[in-house]
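[1] Okay, predicted coordinates and the sequence, questions at the end:
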Amino acid sequence: MSAMDLLLWSRGPGLAIAVSIFAFGVVLRLFEIYSLGRKADLAKPRVNTKACAGATVWRRMLPDMHILRRSPITYVAGYLFHFGLFVVVFLYAPHIKLIESTLGLSWPALPSALVDLVAVLTLISLVVVLVNRITDPVKRLLSGFEDYLTWAVTLLPVLTGYMAYHHLMFPYQTMLALHILSVELLLVIFPFTKLMHAITLFISRWYNGDIAARKGVQS
Amino acid sequence: MSEPDKSLFDLLAQRGVSRRGFLKFCATTASMLGLPPSMSSAVAEALTQAARRPSVIWLSFQECTGCTESLTRAYSPTIESLIFDAISLDYHHTLQAASGDAAEEARAQAMKANYGSYLLLVDGSIPLGEGGAYSTIAGHTNLSMLKEVAEGAAAVVSIGTCAAFGGLPMANPNPTGAVSVKDIVQDKPVMNVPGCPPIPNVIVGVVAHFLTFGALPELDALGRPKVFYGDTIHDRCYRRPFYDRGLFAKTFDDEGARNGWCLYELGCKGPTTYNACATLKWNGGTSFPIQSGHGCLGCSEPKFWDGGGFYTALSTPIQPVTGAAVTAALAGAAVGAAVAFGNQSTKGKAKAAHTKVTIDDLEKA
């Protein structure tokens, strides 16, 4: 199989398979979560709980100084790599083109040199959080196989994308194919691991905000 | 077709090419091949020595003659085409005067006289379907002719993407069962000079290299000479700064297109295409596709006909994914509903089996 064969497979059947597994898994998980069911709260809520729920979804994206002081490395590196992932995934021109071709949505891209810089910062922060996870005795105790697996499949697309952009190690076609395949791996395991938090965070924050507001508490 | 006793320089002089012009050509060829300036005299010496001019046999199989057109017409009547007249090009369908038995006789003679030392150039793919009946020459299938001629060749050069990688004839669904030269010839050095067609200077450059050093230049993993196929079009493109700044033409006639912005979004395959178009250019260095406003088709890469649409961006899927995704999501919903039903029934059973703890039970404990 030549590099071009691999690239064509990753852009064709490979992508279709990965996206299908992703869609299957995400819908399945959402059904599972929502079908657990909650008893209807018949008490009259004190405030507009929907607005509070929305505010909680947003508020928990913002930095909290208290937690920053307690766990600065997790906090700074964690924020950095999440922000970095957002930039490299959604603000790089070829990626926007991919989204446009599949979903029809489009927005302006950032200059690729800037995205490149953000990719480097993302990689550094991912390495920092891993080192911190291994060296911190409590975090190491709490970490299992899934934590290292999700870390690796998050790192790989950024790393291979960076290497493809800079023509490192392999010819561009091979590296681009590996980059696309690494993203497909991410899509495949996403619904079945804690990577699913990228979707469920909205559900759980909404629920927490809603239930707290019913009780007159800000969450 | 040539006059074997005369040196190349004499032949060129006859056609009005000055010594200065010839040496300039040698220096250009040497620098194009990435050789130090001092090597230009070696190139000149090799090209002017009649004794070292090998016989060249050119076989045309499933092709469109575009590669020959590229070589002979784009530069005509410059030094490059004269070089090809001047080397002993003993067999070439389009260029030779002889036809029929006389042509085949010329091939047989050239093979006999130069057995083991002639250079074999091939354009076009080789059909294997129906016993090779899709393309025959003088009653021979392309396959048998290639095998026969390759046997006595010093080296084989696949000119054009069809010979190098199968090209258009091999594109899905490959009705003739076409294969590349390298699929057939495995016991000889084979160099691929892909392109649809290849740049004339590249064809001449690699032949000049063979004449000068008696060997093929350094090749990449796909058998292409690294000097010409070492960089992607994208990396050498004069529009690259626009890509880096995120400035893209959205249609072939918008402001971006008129400002010469990057053609990535219009389907340019420059990033995955290794060729020298952006540096050597075409028609005597005049222009190349991207410069004239059209994206690169990726013609020097394997399977370029099967790599998705020419006008869809490189980062987009080459087959639709929406249908598969929607089907998968519906399947997920169905399985999810089944799981939900199972969970509810578990919950119901647990509820039914639940017994209340009375104060008596607690006192007992």
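    Great, that's in hand.
[2] mind listing what whatever residue of the stretch 1-150 of chain B ends up closest to chain A touches?
    Nearest residue of the stretch 1-150 of chain B to chain A: residue B:125, at 16.0 Å (CB to the nearest CB). C-beta: built from backbone N, CA, C; applies to glycine. The contact partners of residue B:125, taken as CB atoms under 8 Å, 6 or more residues apart in numbering or on different chains, are B:61, B:62, B:63, B:162, B:163, B:166, B:167, B:169, B:170, B:178, B:179, B:180.
[3] Adding pLDDT as columns, could you present those in CSV?
    Shown next, in CSV, are the contacts of residue B:125 (pLDDT from 0 to 100):
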residue, pLDDT
B:61, 95
B:62, 96
B:63, 94
B:162, 97
B:163, 97
B:166, 95
B:167, 94
B:169, 96
B:170, 95
B:178, 97
B:179, 97
B:180, 97
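[4] Quick check: the farthest pair among those?
    Farthest-apart pair in the contacts of residue B:125 is B:63 and B:179; separation 13.7 Å (CB to CB).
[5] and these two? which has more neighbours close in?
    Each of residue B:63 and residue B:179 has its neighbours counted (other CB atoms under 10 Å in any protein chain shown); residue B:63 has more, 24 against 19.
[6] where does the more buried one fall, phi/psi-wise?
    Main-chain dihedrals, residue B:63, degrees, to the nearest 10: phi -150, psi 180.
[7] My read is that it contacts residue B:162, right?
    Yes: between residue B:63 and residue B:162 there is a contact under CB atoms under 8 Å: 5.3 Å.
[8] Which neighbours do those two have in common?
    B:123, B:124, B:125.
[9] Secondary structure element for residue 44, which one?
    In the absence of a named chain, chain A is used. For residue A:44, there is no helix or strand it lies in under DSSP states H and E.
[10] wait, I meant chain B there
    Going by DSSP H and E, residue B:44 is in helix B:39-48.
[11] Report all helices and strands that the helix or strand just after that helix contacts.
    Per DSSP H and E, the first helix or strand lying C-terminal to helix B:39-48 is strand B:55-60. Packing partners of strand B:55-60 (3 or more CB pairs under 8 Å, 6 or more residues apart in numbering or on different chains; DSSP states H and E): strand B:88-91, helix B:100-113, strand B:118-123, helix B:142-151.
[12] closest to residue A:180 out of those?
    Counting by CB to CB, residue A:180 lies closest to strand B:118-123 out of the helices and strands packed on strand B:55-60; the figure is 33.1 Å.
[13] And residue 174, its phi and psi?
    In the absence of a named chain, chain A is used. For residue A:174, the backbone dihedrals (degrees, to the nearest 10) come out as phi -60, psi -50.
[14] Oops, wrong one, chain B.
    Per-residue torsions, residue B:174: phi 50, psi 60 (degrees, to the nearest 10).
[15] Not including adjacent chain positions, what is the nearest residue to it?
    Once flanking residues are discounted, residue B:174 sits nearest to residue B:166: 7.6 Å by CB to CB, 6 or more residues apart in numbering or on different chains.
[16] Name all residues that make contact with the one you found.
    Contacts of residue B:166 (CB under 8 Å, 6+ apart): B:125, B:174, B:178, B:179, B:180, B:183, B:302, B:303.
[17] if you set the cut-off to 7 Å instead, what comes out?
    Listed by CB atoms under 7 Å, 6 or more residues apart in numbering or on different chains, the contact set of residue B:166 reads B:125, B:178, B:179, B:180.
[18] Could you identify which of the helices and strands packed on strand B:55-60 is most buried?
    Of all those, strand B:118-123 has the most neighbours on average by mean count of other CB atoms under 10 Å in any protein chain shown, namely a mean of 28.
[19] So which elements touch the helix or strand following that one?
    Using DSSP H and E, the helix or strand that follows strand B:118-123 in sequence is strand B:126-127. Contacts defined by 3 or more CB pairs under 7 Å, 6 or more residues apart in numbering or on different chains; DSSP states H and E place strand B:126-127 against helix B:142-151, strand B:178-179.
[20] Partner strands of strand B:126-127, with direction?
    strand B:178-179 (antiparallel) (DSSP bridges).
[21] Now do the strand it pairs with: distance to the chain's middle.
    Here the centre of strand B:178-179 is set off from its chain's centre by 15 Å, with CA atoms, centre = their mean, to the nearest Å.
[22] how much space between residue A:65 and residue B:130?
    Distance of residue A:65 to residue B:130, computed by CB to CB, to the nearest Å: 77 Å.
[23] Equivalent analysis for residue B:324, please.
    36 Å.
[24] Repeat that for residue B:9.
    Going from residue B:9 to residue B:130 by CB to CB gives 48 Å.
[25] Looking at these two, which has the bigger crowd around it?
    Taking other CB under 10 Å, residue B:9 and residue B:130 do not tie; residue B:9 has more neighbours (18 against 11).
[26] Find the helix or strand that the closest residue to chain B within chain A is a member of.
    Of all residues in chain A, the one sitting closest to chain B is residue A:31 (2.5 Å; CB to the nearest CB). Secondary structure from DSSP H and E places residue A:31 in helix A:13-35.
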